[in-house]
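A.B. asks: give me the fold of what follows.
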Amino acid sequence: MLNWKTFVPIGLAGFFVLLSGCASMGGAQPGEMEIRSGVIEQIQNVQIQSNHHRGVGAVVGGLGGLGIGSLIGNGTGRDVAMVLGAIGGAVAGNEVQKKYDAPKPGQSIIVRTNSGVLVSVTQPTDPELFTGERVYIEGSGENARVRPQQ
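C.D. replies: Okay, here's the model as predicted:
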C-alpha cells in the first residue's frame, strides 16, 4: 500500500519528468548556426516579456514543501507539517518566480541583409549597436541575435 513516504518522491520524480518533456531544442541541429550579414536600418527600444510559465514556481515550491513536511513527525503532526510545508513552499516558490517574470529592456532591430531582405530581431539591449552599422544575424527564430561585425 502506498503511503506518503513513497507517494511524495514518486510524485516529485514524475512531475520533473513531465516538466523536462516540455523543453524544446528549437529548429536548428546541434552545432549548426545560420549567420547572415547586413546593415541596421532601425532600432527601437521595447520591453521583452518573460517566457516563464506562470505558476510553476508555486507548484514546485509546494511539492518541495510537501516533501520536506513529510519527513517531520508522526501521525497528525506529520499531516500538519505536510500541509504547512506545502503552503509555505508554494508561497516561497511564487515569490522567487516573480523576480523572473518582470519585463526586461530590449531592442527591436530591423536589418537589411546583403540580399536585400528585411529581418526584424527582438533581443536584450546591446548598447554597441547603432543605425547604419554592419552586423551579423546569428541563428533564427526566437534564438536570433544581432551582433556587430568586428
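
A.B. asks: measure how buried Pro124 is and give me the count.
C.D. replies: Using other Cβ atoms under 10 Å, Pro124 has 10 neighbouring residues. All C-beta atoms are positioned from the backbone trio N, CA, C, and that covers glycine.

A.B. asks: is it bridged to anything, and to what?
C.D. replies: Taking DSSP bridges as the rule, Pro124 bridges to Gly106.

A.B. asks: OK, contacts around it?
C.D. replies: Ile48, Lys104, Pro105, Gly106, Gln107 (Cβ atoms under 8 Å, 6 or more residues apart in numbering).

A.B. asks: measure it to Ser140 for me?
C.D. replies: When distance is defined by Cβ to Cβ, to the nearest Å, Pro124 is 17 Å away from Ser140.

A.B. asks: now rank the contacts of Pro124 by neighbours and give me the top one.
C.D. replies: Ranking the contacts of Pro124 using other Cβ under 10 Å puts Gln107 first, with 20 neighbours.

A.B. asks: surely it meets Gln47?
C.D. replies: No - counting by Cβ atoms under 8 Å, Gln107 does not reach Gln47; the two are 10.6 Å apart.

A.B. asks: okay, the residue nearest to Gly85 when sequence neighbours are not counted: pLDDT?
C.D. replies: In space, and not counting its chain neighbours, Gly85 is closest to Gly69: 2.7 Å by Cβ to Cβ, 6 or more residues apart in numbering. Listed pLDDT for Gly69 reads 78.

A.B. asks: how close does Gly69 get to Val56?
C.D. replies: Using Cβ to Cβ, Gly69 is found at 20 Å from Val56.

A.B. asks: what mean pLDDT would you report for the lengthiest helix in the chain?
C.D. replies: Determined from DSSP state H, the single longest helix within the chain is helix 75-101. On average, the pLDDT along helix 75-101 is 79.

A.B. asks: swap in stretch 122-138?
C.D. replies: In this model, stretch 122-138 has an average pLDDT of 90.

A.B. asks: all set, thanks.
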